[in-house]
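In: Let me see the structure of the following:
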Amino acid sequence: QVQLVESGGGVVQAGGSLRLSCAASGRTFSMNGMGWFRQAPRKEREIVAAFSWSGRNTYYTDSVKGRFTISRDNAKNMLYLQMNSLKPEDTAVYYCAAKREAASSLWDYWGQGTQVTVSS
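Out: From the prediction side, this is the model:
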């Protein structure tokens, strides 16, 4: 099992920045992909950014390209999401996720989520 714990959410004004962190523990050697998802009220959960644990492949959803940066510290089993130029539409619960198979669309492990609220 892998445990994921997010932190760093909060309330910020539009144009501001936040940095989310995700601490992974347990069988972290089994992870081959990690990413950030978000779910806004009355909307489906969507992937925000992700990469394979090797770092060869990185993905960003179009709406955050140029504003968000995903990064990791393998030695500390940490995943980060730097969010700049935040917009009210970025308001959502943000989830850290991990998967065993890099090529799979199935995400095996999820954190509990952290709320990000962007005020206009």
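
In: Show me where the chain has its strands.
Out: Taking DSSP state E, the strands of the chain run over residues 2-7, 10-13, 18-26, 33-39, 46-52, 58-60, 68-73, 78-83, 92-99, 109-110, 114-119.

In: Serialize those strands to a markdown table and add fields for mean neighbour count and mean pLDDT.
Out: The way it works is simple: take the backbone N, C-alpha and C, and place the C-beta from them, glycine included. Below are these laid out as a markdown table (neighbours: other C-beta atoms under 10 Å; pLDDT from 0 to 100):
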| stretch | mean neighbour count | mean pLDDT |
| --- | --- | --- |
| strand 2-7 | 18 | 96 |
| strand 10-13 | 13 | 98 |
| strand 18-26 | 18 | 95 |
| strand 33-39 | 22 | 95 |
| strand 46-52 | 19 | 91 |
| strand 58-60 | 15 | 93 |
| strand 68-73 | 16 | 93 |
| strand 78-83 | 21 | 96 |
| strand 92-99 | 23 | 96 |
| strand 109-110 | 18 | 96 |
| strand 114-119 | 17 | 98 |
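
In: need the contact list for Ser25.
Out: Listed by C-beta atoms under 8 Å, 6 or more residues apart in numbering, the contact set of Ser25 reads Val2, Gln3, Val5, Asn77.

In: ok, those vs Ala103, which is closest?
Out: The nearest member of these to Ala103, counting by C-beta to C-beta, is Val2 at 18.1 Å.

In: quick one: Ile47 and Arg27, what's the gap?
Out: In this view, Ile47 and Arg27 are 23 Å apart by C-beta to C-beta, to the nearest Å.
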